[in-house]
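Chemist: coords please:
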Amino acid sequence: MIIDAHNHPDWYGFPLPRFLANMDAYGIDRTWLLSWECPRNEYDTSYNSKMPDNGADGPIPFSACLAYVLARPDRFVLGYAPDPRKPDAIDRLAAMKEIHGVRVCGELKLRMMYDDWDALRLFRWCGKAGLPVTVHLDYEFDTGRGYPRPNWWYGGGMEALERAVAACPDTVFLGHAPGFWAHVSADGKHDKEPYPKGPIVPGGKLVTMLRRYPNLYCDMSAGSACNALSRDLAFTKDLLFEFQDRMLYARDYFDNNLMELIEGLGLPAEVKEKLFSGNALRLVPELPARPAILQ
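Modeler: Numbers count the residues shown, from 1 in each chain. Below you'll find the model as predicted:
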């Protein structure tokens, strides 16, 4: 079984039929569908051509995720992450969990520190509710533009994420994006290059945090993870073996690059089973099939 633990509805021009065909082409059985709730002035306008909607709640509304799940509940797992700064954030998430069966809190991708007190309240609620939390981390990089923003950062850096992970030991965090994966190496490039190249320098903060915090997991999606994991394949094989219980196969796109990378590492079958589905199923177990309604 293969589970894509990070993707979005209508993302990059993939509406439902094309999305399902892509899943079938690459043997993906289930996809975690994540929303992205974010104020319009906090995300790069270049995303406008890649997103399903620019509604009031942000780039990827929960309603788009829900539509996919209602159409194909056998193929999708429902995710939703409200903006923690909204006073009714926890109430909204609780309602969507109760009414529609939300099973993942994600994707959180906001121009805020992830150890903000409102964020911590939401994270702790997710821990009690059994919802893993997917967080996107990006550092400041000069875009060369002055408007609408000179840069696009999310989360406030690895230190802010570490404080949140430490403050919420009962909550599972799935780290994701360039600002997270650049810390696989201790070369100091994490706040200088979004996709650092070159050999891995031992002692990266990501590895240190994985060893220190059992509630930190890795979302291996997008070019950021593939870039980090491609830098030193011997290191990557050791990393995936050591943390085989806390790595989740994911894409955030529609290619097969990560699958090919993992398959080329020579990992034992039992390790690959955990990466491709076992760890995701442990965090979000399959729901029992509903009995047929008697006529």
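Chemist: any idea how far E242 lies from D219?
Modeler: 17 Å (C-beta to C-beta, to the nearest Å). (Each C-beta comes from the backbone N, C-alpha and C, glycine too.)
Chemist: so between those two, which is more surrounded?
Modeler: Each of E242 and D219 has its neighbours counted (other C-beta atoms under 10 Å); D219 has more, 30 against 13.
Chemist: what about the nearest residue to K274 once chain neighbours are set aside, helix or strand, and which?
Modeler: Excluding its sequence neighbours, the residue lying closest to K274 (C-beta to C-beta, 6 or more residues apart in numbering) is Q244, at 5.2 Å. Per DSSP states H and E: Q244 is located in neither a helix nor a strand.
Chemist: I'd say Q244 and V271 touch.
Modeler: Yes - between Q244 and V271 there is a contact under C-beta atoms under 8 Å: 4.7 Å.
Chemist: which neighbours do the two share?
Modeler: Listed as contacting both Q244 and V271 by C-beta atoms under 8 Å, 6 or more residues apart in numbering is no residue at all.
Chemist: what about the residue nearest to K274, neighbour count?
Modeler: Neighbourhood size, Q244 [other C-beta under 10 Å]: 18.
Chemist: where does L294 land on pLDDT?
Modeler: With respect to pLDDT, L294 scores 40.
Chemist: let me fix that, I meant to ask about K50.
Modeler: pLDDT, the model's per-residue confidence, is 75 for K50.
Chemist: for M247, give me its contacts.
Modeler: M247 neighbours (C-beta under 8 Å, 6+ apart): 217-218, 220, 240, 274-275, 279.
Chemist: I'd like to know how far it sits from M220.
Modeler: 6 Å.
Chemist: go on, Y80?
Modeler: Taken as C-beta to C-beta, the span from Y80 to M220 is 22 Å.
Chemist: cool, C168 as well?
Modeler: 22 Å.
Chemist: which of these two has more neighbours?
Modeler: Legend: neighbour count by other C-beta under 10 Å for C168 and M220, higher for M220 (27 against 23).
Chemist: doesn't L229 make contact with that one?
Modeler: Yes - counting by C-beta under 8 Å, M220 touches L229, with 7.0 Å between them.
Chemist: list the residues that contact both of those two?
Modeler: Shared contacts of M220 and L229, counting by C-beta under 8 Å, 6+ apart, come down to L258.
Chemist: and the nearest residue to W11 once chain neighbours are set aside, how many neighbours?
Modeler: Nearest non-adjacent residue to W11, counting by C-beta to C-beta, 6+ apart: K50, 6.7 Å away. K50 is flanked by 13 other residues according to other C-beta under 10 Å.
Chemist: what do you get for H176?
Modeler: By other C-beta under 10 Å, 32 other residues sit near H176.
Chemist: again, but for D252
Modeler: Here the number of neighbours of D252 (other C-beta under 10 Å) works out to 25.
Chemist: what does D57 give?
Modeler: For D57, the neighbour count with other C-beta under 10 Å is 19.
Chemist: following the strand or helix carrying A95, which helix or strand comes up?
Modeler: Using DSSP H and E, A95 sits in helix 89-100. Later in the chain than helix 89-100, the nearest helix or strand by DSSP H and E is strand 105-108.
Chemist: pairing partners for that next one, with directions?
Modeler: strand 133-136 (parallel) (DSSP bridges).
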